[in-house]
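S.K.: Build me a model from this:
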Amino acid sequence: MKAEEFHLNTKAVHGKSETTKKSGPVVTPIFQTSTFQVPDIEEQSLVRQGDRFYTRYGNPTHTAAEETIAAMEGAEAALLFASGMTAITTSIIAVIKSGDHIVAQRELYGGAFNFLSRWMPRFGVETTFVEATNPDQFAQAIRPNTRLIYIESPTNPTLKIVDIERVVEIARQHGIPTFIDNTFATPINQRPIELGVDVVIHSGTKYLAGHSDLICGVVLGSRRFIADLRETRITFGGIMDPHASWLLLRGLKTLGLRVERHNQNALQVAQFLEQHPRVKRVYYPFLESHSQYALAKKQMTGGGGVLSFEIDGTAQDARRFIESLKLFALAPSLGSVESLSTIPAITSHARLSPEERASAGITDQLVRLAVGIEQVEDLITDVQQALNRAA
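M.R.: Below is the predicted model of the structure:
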């Protein structure tokens, strides 16, 4: 069998390797080196374009991780970055110049929203923010100088779903590339490239790594785009270290198993919360009550491990709830084997103004749970006792 014929979970374990028998290490080695030596000048001029020149340019451990993620996502190529935000900012800068215009959904990760709304205007780039669930607004916002459409689905933290195929259709009508942040969904639950998206971005810190022990970003796309992006990465220097890349490879091997458990646990916790009298509203795309349930089922195979809900009470009630949790660690981030909890208004979206948070549907009573892979009955018991304390 050829590597491209393998199922996704097999690609996660074996990467792009063939089944041919060979001698060598089973686990990809860590090339823990900043630089590589060559025998002569001619050889050095050749290796500059590869992964054995200088680790800011590339590294064999990075290449193994990049090829594995590209195979899983169905992309031609991938590129690693030192963080998810570095992946976002570098890939946008690579395609945008002063005077250009971007269309993005309003409901974005706070760091991405902050970059587009506060930093890009310093360089003469304007962004129009539209409602994530309304494709017509994307179409209406396009200008002659629009050079990028940037989306995220499901959204952070209110779990809205973007109609990816419809947005891609609109973008292609105008010859505009599309970027998507696929962190929440992972390539297990959602395949944006198969839906026509040009560039896929992950905060690999989250589900891809899965163990709360590294910071990483990944960008995937065509070979041509990734080659150009590599030159931008070399200039800005946002590369991760080889040991972190090796840890990422380790995490990828169990991604399919972990995401399956995340999906199951989060759905059961969401269903419990939906029936609780102390809960005003639950946000989870695979709840039948979700306004975009049909769309979520169409373009996703699982709802993911993140859910949000509003406490029926005050901001202080939400704080009491989250501080009463025992199994859900009070910590930012998501996608790890252990369950985490945050209040987005004071963490991921704290840099937004109250008005910006309100327009994105982020209230002070909104709690986000990143559901881990623990026994779900224990998680529900923990949520129950914390709601009792919040009351």
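S.K.: Now Leu80, what are its backbone angles?
M.R.: Dihedral pair for Leu80: phi -90, psi 150, per degrees, to the nearest 10.
S.K.: Report pLDDT for it.
M.R.: Note on Leu80: pLDDT of 98.
S.K.: From Asn156, how far out is it?
M.R.: Here Leu80 is placed at a distance of 22 Å from Asn156 (CB to CB, to the nearest Å). Backbone N, C-alpha and C define where each C-beta goes, glycine included.
S.K.: Now do the domain split for this structure, please.
M.R.: Residue ranges for the domains of the chain, per automatic domain parsing: 3-252, 255-390.
S.K.: got CSV for those, with mean neighbour count too?
M.R.: Listed next are the domains of the chain as CSV, based on neighbours: other CB atoms under 10 Å:
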stretch, mean neighbour count
domain 3-252, 19
domain 255-390, 19
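S.K.: thought Leu159 was touching Tyr284?
M.R.: Yes. If you go by CB atoms under 8 Å, Leu159 and Tyr284 touch, sitting 5.9 Å apart.
S.K.: show me where pLDDT drops low in the protein?
M.R.: For the chain, the stretches flagged by pLDDT under 70 are 1-4, 16-21.
S.K.: Strands along that one, start to end?
M.R.: Secondary structure of the chain by DSSP state E: the strands cover 77-81, 101-105, 126-130, 146-152, 178-181, 199-203, 217-221, 279-283, 306-311, 329-330, 340-342, 366-370.
S.K.: residues touching the residue nearest the centre of the chain, list them.
M.R.: Compute the mean C-alpha point of the chain, and by CA atoms, centre = their mean the closest residue is Thr183, 1.7 Å away. Thr183 sits next to Gly84, Tyr109, Glu152, Ile201, His202, Ser203, Lys206, Tyr207, Gly335 when contact means CB atoms under 8 Å, 6 or more residues apart in numbering.
S.K.: who does Val219 bridge with?
M.R.: Leu79, Ile201 (DSSP bridges).
S.K.: Test my guess that it contacts Ser203.
M.R.: No. Using CB under 8 Å, Val219 makes no contact with Ser203, being 11.0 Å away.
S.K.: what residues are shared contacts of the two?
M.R.: Contacts common to Val219 and Ser203, judged by CB under 8 Å, 6+ apart, are Ala87.
S.K.: coming back round to it: save the strands of the chain as TSV, and put in distance to Gln49 too.
M.R.: Below are the strands of the chain laid out as TSV (distance: least, CB to CB, whole Å):
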stretch	distance to Gln49
strand 77-81	14
strand 101-105	31
strand 126-130	34
strand 146-152	27
strand 178-181	25
strand 199-203	22
strand 217-221	18
strand 279-283	46
strand 306-311	39
strand 329-330	43
strand 340-342	40
strand 366-370	39
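S.K.: The ones you listed: which one's closest to Pro60?
M.R.: With CB to CB, the closest approach to Pro60 among the strands of the chain belongs to strand 77-81: 12.2 Å.
S.K.: Which other helices and strands does the closest one contact?
M.R.: helix 60-73, strand 217-221, helix 223-236 (3 or more CB pairs under 8 Å, 6 or more residues apart in numbering; DSSP states H and E).
S.K.: Could you dump these into JSON lines with distance to Ala266 added?
M.R.: Conversion of those to JSON lines gives the following (distance: least, CB to CB, whole Å):
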{"stretch": "helix 60-73", "distance to Ala266": "21"}
{"stretch": "strand 217-221", "distance to Ala266": "23"}
{"stretch": "helix 223-236", "distance to Ala266": "32"}
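S.K.: Glu323: which of these is closest?
M.R.: strand 217-221 (30.9 Å).
S.K.: other SSEs contacting the closest one?
M.R.: Using 3+ CB pairs under 8 Å, 6+ apart: strand 217-221 touches helix 60-73, strand 77-81, helix 84-95, strand 199-203, helix 223-236.
S.K.: Done for today, thanks.
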